[in-house]
Every structure is written in C-alpha cells, then in structure tokens.
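Peer 1: coordinates only, sequence not included:
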C-alpha cells in the first residue's frame with residue numbers, strides 16, 4: 001500500500017479547458033442552485049492532466065474586513081499508488097494568525113488523492129475546527145467522479161450519505177487544480193462538493209489587469225466567479241487573478257461581499273527536480 005493510501009487511512013478511512021465530460025446521466029438532474037444562478041448542465045472540464053509537480057507549494061495570506069486571519073498553504077505532496085492506480089496526493093492547511101488563535105479555535109486541513117487517469121479525487125478528506133465546531137468529512141468518489149459517498153462527523157455525530165451527479169464533481173483541492181487549468185477565454189461552470197453542499201460556480205473571463213505579485217507587478221488574467229450551493233439561497237461573487245504563463249498561478253482572490261475576504265499569494269515554491 002502506498003504512503004498516500006496509508007496516510008489517508010490513518011486520517012480517517014473514515015480552476016486547457018474546452019472539452020466536456022461524456023459521463024452525463026440524463027436521469028440525474030444537476031445540483032439545485034439559488035435563484036439567479038443557472039444550473040450547471042455541461043461543466044468545464046480539463047482536456048489534459050492537471051499539474052502533478054511534486055513539491056510545488058503556494059502560500060496565501062487571508063484577510064477578512066481588513067483583518068489578518070492567517071496563512072493558507074496548498075502543496076503537491078507526493079506521488080504513489082492507491083487501489084492499484086497511480087495517484088498524486090495534494091494537501092492544504094491553515095496557519096491561523098496568533099491574534100485569531102487567542103480569540104477562537106481555528107484549524108483546517110485537506111487532503112486529496114487524484115488519479116493520473118482522472119481529474120477528480122478518488123478520496124478526499126477535509127478536517128477543520130472553528131468556533132467550537134469540529135468537522136471531519138471524507139469523500140469517496142467513484143464512477144469517474146459522478147458518485148460520491150460522503151461521511152461527515154460533526155462534534156461527534158456522524159452522517160453518511162451517497163450522492164449521484166450527472167457529471168463529475170470536484171472537491172476543494174481538485175477545484176484549485178481546475179482553476180489552474182483555465183485558459184484566458186474560459187467561460188462556463190463547474191460543480192464542487194464540500195461540507196455536504198454542492199456548489200455551482202459560473203466563471204467568466206474579464207480580460208487582463210496589472211496587479212502586484214510577490215515578484216513585482218505583472219499583467220494577470222482576471223475572472224469573475226458567481227457561486228452558490230444547493231443548500232443556500234444566496235449567490236456570491238468573487239474576482240480571481242491568475243498568471244498567464246504555463247504555471248497558471250492563482251495570485252489573488254477577492255470576495256465581493258460585505259466581509260470583503262481577500263486571499264493573496266505571498267510565496268510560491270517551485271517543484272522539486
């Protein structure tokens with residue numbers, strides 16, 4: 001058994017886009033959406049493998065209403081095998097600001113195993129603590145990502161459900177990989193599953209804009225993302241800026257709501273080798 005598989009068992013057992021998946025099931029409707037947000041019938045889908053560069057890492061500063069919450073890190077952790085197929089393990093984690101830790105409990109970790117022959121995880125794990133809540137959610141994707149078994153434990157109570165989708169869905173980390181796949185003119189939708197909610201995202205290109213980066217100002221591709229879940233009535237918007245080069249690095253994301261969350265790239269580590 002690979003290191004990636006052992007790690008996931010220990011932890012729970014518990015954004016190139018043009019083609020469309022051919023796994024749609026006419027008998028399964030797309031996830032419900034809030035009023036004003038269309039359902040995602042034909043999602044954007046990668047036409048080539050997502051980045052699998054071991055050791056590549058992104059560090060982001062997170063602010064809400066101008067106050068620092070801490071840092072978020074996303075890393076391509078290692079390559080291995082799971083259930084007889086080659087996979088890549090991606091992981092993300094939160095380092096809260098010291099001032100935040102003094103006021104409340106905040107912690108978050110995510111893991112995903114993405115097979116070489118697919119674009120959605122075979123397994124993913126989300127674990128977080130916030131304001132007294134402790135949540136652990138395991139997703140097991142099958143049939144190319146259209147069937148997902150979700151096991152969530154919240155404050156000691158476990159809930160298990162199986163969901164069927166018309167087209168493959170992403171978790172948070174494979175959604176980040178999809179974001180990195182967006183060409184300058186990408187326009188369309190995607191579905192991301194997390195915290196027992198199916199989020200529908202509509203992505204629109206908005207040209208280019210000069211923005212600050214850790215290496216100075218640069219001309220970046222800008223997108224607006226409209227999103228909402230099947231368990232909420234609100235539609236939210238955010239802006240996303242990515243480098244136009246082959247690395248396709250997300251540099252900044254900014255929520256367009258009263259809390260004004262901002263996620264800014266502070267460091268990028270090149271892959272090993």
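Peer 2: Nice, thanks for sending it over. Not measured: the values here are computed from a predicted model.
Peer 1: ok, so what distance separates the residue nearest to residue 168 when sequence neighbours are not counted from residue 247?
Peer 2: Nearest non-adjacent residue to residue 168, counting by CB to CB, 6 or more residues apart in numbering: residue 145, 3.1 Å away. In this view, the C-beta of every residue, glycine as well, is placed from N, C-alpha and C. According to CB to CB, to the nearest Å, residue 145 and residue 247 sit 25 Å apart.
Peer 1: Between the two, point out the one with more neighbours.
Peer 2: Shown here are residue 145 and residue 247; by other CB atoms under 10 Å, residue 145 has more neighbours (23 against 14).
Peer 1: Got the phi and psi for that one?
Peer 2: phi 100, psi 10 (degrees, to the nearest 10).
Peer 1: That one contacts residue 169, doesn't it?
Peer 2: Yes. The pair residue 145 and residue 169 passes the contact test of CB atoms under 8 Å, sitting 5.9 Å apart.
Peer 1: Quick one: residues contacting residue 54.
Peer 2: The contact partners of residue 54, taken as CB atoms under 8 Å, 6 or more residues apart in numbering, are 76, 77, 78, 79, 88, 271, 272, 273.
Peer 1: And for residue 59?
Peer 2: 71, 72, 73, 265, 266, 267, 268, 269.
Peer 1: Quick check: the closest residue to residue 252 other than its chain neighbours vs residue 212, distance?
Peer 2: In this structure, residue 252 finds its nearest non-sequential neighbour in residue 241, 4.6 Å apart by CB to CB, 6+ apart. Remark: distance between residue 241 and residue 212 (CB to CB) = 10 Å.
Peer 1: neighbour-wise, which of these two wins?
Peer 2: Using other CB under 10 Å as the criterion, residue 241 and residue 212 rank with residue 241 on top: 23 against 14.
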